[in-house]
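In: Predicted coordinates and the sequence they were generated for:
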Amino acid sequence: MDGPRMDVRERPCNGSGEGVRKVERDNGRPRAALQTGDRRLLTVTIDAMGCQENIALSIKAAKAEYVLAVKGNQGSLHEEIIDEFRFASKRPQQAGIDFRHGRIETRKCKVLKEFKYISDPKKWAGLQPLLRMESAREFKKTGKIETVTRCCISPLDGGEGSFQKIIRNHWHVENKLH
């Protein structure tokens, strides 16, 4: 792979997938894509490989926002996010269900705007909420169920529904590439 997957959402963001486009990589650096002068950019989404402090700073410097996927590549950040959700009081969640391609997919998004266990939140430009997306796919023919939990960080001030749309649209673009 020659760099992290990056998608850019342009205005308007209506949740339909419209206004989402794939950004070509320049050695995996989103800065190059953001320096195009296109000030309509609203939200950049990047897979965990691109979850880096300097990338978050570059996106914010270009007056855009980000949703960055977090996995074990960020040292303790992934575990800290898991702990935040584990010890947080019950939070509302937004659920979405799709019936397509011979499977039933259920997604639950939770957002935490107040957190205690992130060791250095200031190093992530404008970090506000922590996100957790739980997905379960049930294959109708076999009854097999696959579950995945994804964690993300963002400076956006949004609710579960808006983040669910952003993350879903990121994967919509990603899945079209395969």
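Out: That came through, no problem. Numbering: from 1, shown residues only.

In: Low-confidence bits of this structure, can you list those?
Out: Within the chain, the ranges that satisfy pLDDT under 70 run 1-41, 89-94, 170-178.

In: Please, where are all the helices along it?
Out: Under the criterion DSSP state H, helices of the chain are mapped to 30-34, 53-61, 77-87, 160-176.

In: what's the closest of those helices to Tyr117?
Out: Nearest of the helices of the chain to Tyr117, taken as C-beta to C-beta: helix 77-87 at 4.7 Å. (Each C-beta comes from the backbone N, C-alpha and C, glycine too.)

In: List the buried residues of that closest one.
Out: Of the residues in helix 77-87, 77-78, 80-82, 84-85 count as buried by neighbour count, 16 or more other C-beta atoms under 10 Å.

In: and of the residues you listed, the nearest to Val67?
Out: Using C-beta to C-beta, the buried residues of helix 77-87 come closest to Val67 at Ile81, 13.3 Å.

In: wait, doesn't the closest one sit right on Arg132?
Out: Yes - with contact defined as C-beta atoms under 8 Å, Ile81 counts as touching Arg132 (7.2 Å).

In: what's the overlap in contacts for these two?
Out: Both Ile81 and Arg132 are in contact with Cys151, where contact means C-beta atoms under 8 Å, 6 or more residues apart in numbering.

In: So which residues of the protein form strands?
Out: 6-10, 20-22, 41-46, 65-70, 94-100, 103-112, 130-139, 145-153 (DSSP state E).
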